[in-house]
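> no sequence for this one, just the structure:
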Ligand SMILES: *Cc1c(COP(=O)(O)O)cnc(C)c1O
């Protein structure tokens, strides 16, 4: 599944010992495997070969420029949700004709930038936004390519915070209201209706929600055709899950096997927006044990990485497998792995049977390549950590650890305080 494996009881990233990277770069650190990123991306490319398709990597999962460059070099597109992500995608060389732009709160400035860039399409989330895009396009004397993000009211059976396709969600337009909104789009004058978009949630571990949602979307596509509206792009969104623990999520090939027959005979361009399933298991987060603190019932393992570096456990109670960088045969103890942040919610793993750690030892939090660094912050005035990419027996720092001076970058002291 990934390229982080033990050799002689030592954890390796591809052919490089993790310990060696930490010795040179320090801890904590995110480590990415070039080979895994590429393999995961190619799995999508190959799985959907039978249909015109565009794989648009969801930048919010991981927007490190080296990662984006690697994907861009191999023909990957981008799903962006902000002007910043649009900037990074283009900077990495991702062709605008492969960029889709989602998000419920696109600003005027961001819409102008995306129109200038000539992206593939805006995934429009409300009729208000549709009017705004139309007005801006008119003032620029262009037509804006759009898809409506419809909300198919499908329960993806995942964590409520990452479930986005239910009726009560803030995302998209209820599917029953899609037709009238498409009719409106047709009338507005500066919109070019090119597609339809849906994204029902994340970390989805079965195929059925994807199939159910696509069926609903296809019914709508037929309906639209009867009303003289032709859909060229169907954007299925992202959301395929990954094994964090003992999940057995479908492979992209399982997804294509289930989905392509529904499109049989059509030349519709299928867009996919995988984030987690490309990046998640292509990265790990490595942290060092600072202190041990015994409690009557369990042991706190205090490490140098915290919730500001890897937020998912605190935010979603998410599970990351914890592995020692140097394997040992010590007996297991019930442990909480906690960070140095002044918050009770600052933990990386809770209630785990882990081999007893020693001070100074390194531990790896697995499956940290998606929503890891990209969700990190400077909370507690901590410097954001370094990111490293491994390829075979080489490794490269692809983002330097921040310096203390970075913490004050852009700030100013007003004269009256001097
Ligand atoms: C977050 C998001 C994705 C990526 O989701 P994953 O679960 O990481 O694959 C794709 N599309 C949209 C619109 C998103 O918001």
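Arrived safely, thanks for sending. Values in this document were obtained by computation on a predicted structure and should not be read as measured data. Numbers count the residues shown, from 1 in each chain.
> ok, which stretches of the stretch 51-200 of the chain are strands?
53-58, 77-80, 99-101, 121-124, 144-151, 173-174, 191-197 (DSSP state E, counting those that start in this stretch).
> the last one close to the ligand?
No: using CB under 6 Å from any ligand atom as the criterion, no contacts between strand 191-197 and the ligand are found, and the smallest distance is 7.5 Å. C-beta coordinates here come from the backbone N, C-alpha and C atoms, glycine included.
> and for the third one?
No: figure legend: strand 99-101 not in contact with the ligand (CB under 6 Å from any ligand atom); closest approach 8.3 Å.
> could you list the buried residues of stretch 18-33?
18, 21, 22, 25, 27, 28, 29, 30, 31, 32, 33 (16 or more other CB atoms under 10 Å).
> thinking again about what came up before, ranking the strands of the stretch 51-200 of the chain by mean pLDDT, which is last?
Note on the strands of the stretch 51-200 of the chain: lowest mean pLDDT is at strand 173-174, with a mean of 93.
> quick one on the thing from earlier: TSV for the strands of the stretch 51-200 of the chain, including mean neighbour count?
Below are the strands of the stretch 51-200 of the chain laid out as TSV (neighbours: other CB atoms under 10 Å):
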stretch	mean neighbour count
strand 53-58	27
strand 77-80	29
strand 99-101	27
strand 121-124	28
strand 144-151	27
strand 173-174	16
strand 191-197	22
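> ok, which of the ones you listed comes nearest residue 252?
Closest of the strands of the stretch 51-200 of the chain to residue 252 is strand 53-58, at 9.2 Å (criterion: CB to CB).
> show me what contacts the residue in the stretch 1-150 of the chain positioned nearest to the ligand?
For the stretch 1-150 of the chain, the residue closest to the ligand is residue 58, as judged by CB to the nearest ligand atom, at 3.4 Å. Shown in contact with residue 58 (CB atoms under 8 Å, 6 or more residues apart in numbering): 79, 238, 273, 274, 275, 276.
> show me which residues of the stretch 301-418 of the chain are close to the ligand?
Counting by CB under 6 Å from any ligand atom, the stretch 301-418 of the chain sits next to the ligand at residue 370.
> tell me who's in contact with the residue lying closest to the residue of the stretch 1-150 of the chain closest to the ligand once chain neighbours are set aside.
Among residues not flanking residue 58 along the chain, residue 275 sits closest, at 3.1 Å (CB to CB, 6 or more residues apart in numbering). By CB under 8 Å, 6+ apart, the contact list for residue 275 reads 57, 58, 59, 60, 61, 62, 79, 202, 238, 370, 371.
> tell me, how many residues neighbour the fifth one?
The local packing of residue 61 (other CB atoms under 10 Å) involves 27 other residues.
> gap between the nearest residue to it once chain neighbours are set aside and residue 136?
Of all residues not flanking residue 61 in the chain, residue 275 sits nearest, at 3.1 Å (CB to CB, 6+ apart). Residue 275 sits 27 Å away from residue 136, going by CB to CB, to the nearest Å.
> same thing with residue 40?
Distance from residue 40 to residue 136, by CB to CB: 36 Å.
> the more surrounded of these two?
For residue 40 versus residue 136, the count of surrounding residues by other CB under 10 Å is larger for residue 40: 25 against 19.
> quickly find the element holding the more buried one.
helix 34-47 (DSSP states H and E).
> buried set for that helix?
Buried residues in helix 34-47 (16+ other CB under 10 Å): 34, 35, 36, 37, 38, 39, 40, 41, 42, 43, 44, 47.
> biggest separation within those residues, which pair?
Across the buried residues of helix 34-47 (CB to CB), the longest gap, 20.7 Å, separates 34 and 47.
> which pLDDT value goes with residue 163?
65.
> same thing with residue 416?
pLDDT, residue 416: 98.
> where are the low-confidence patches of the protein?
Residue ranges of the chain with pLDDT under 70: 1-2, 158-168.
> break it into its domains for me.
4-32+280-408, 34-276 (automatic domain parsing).
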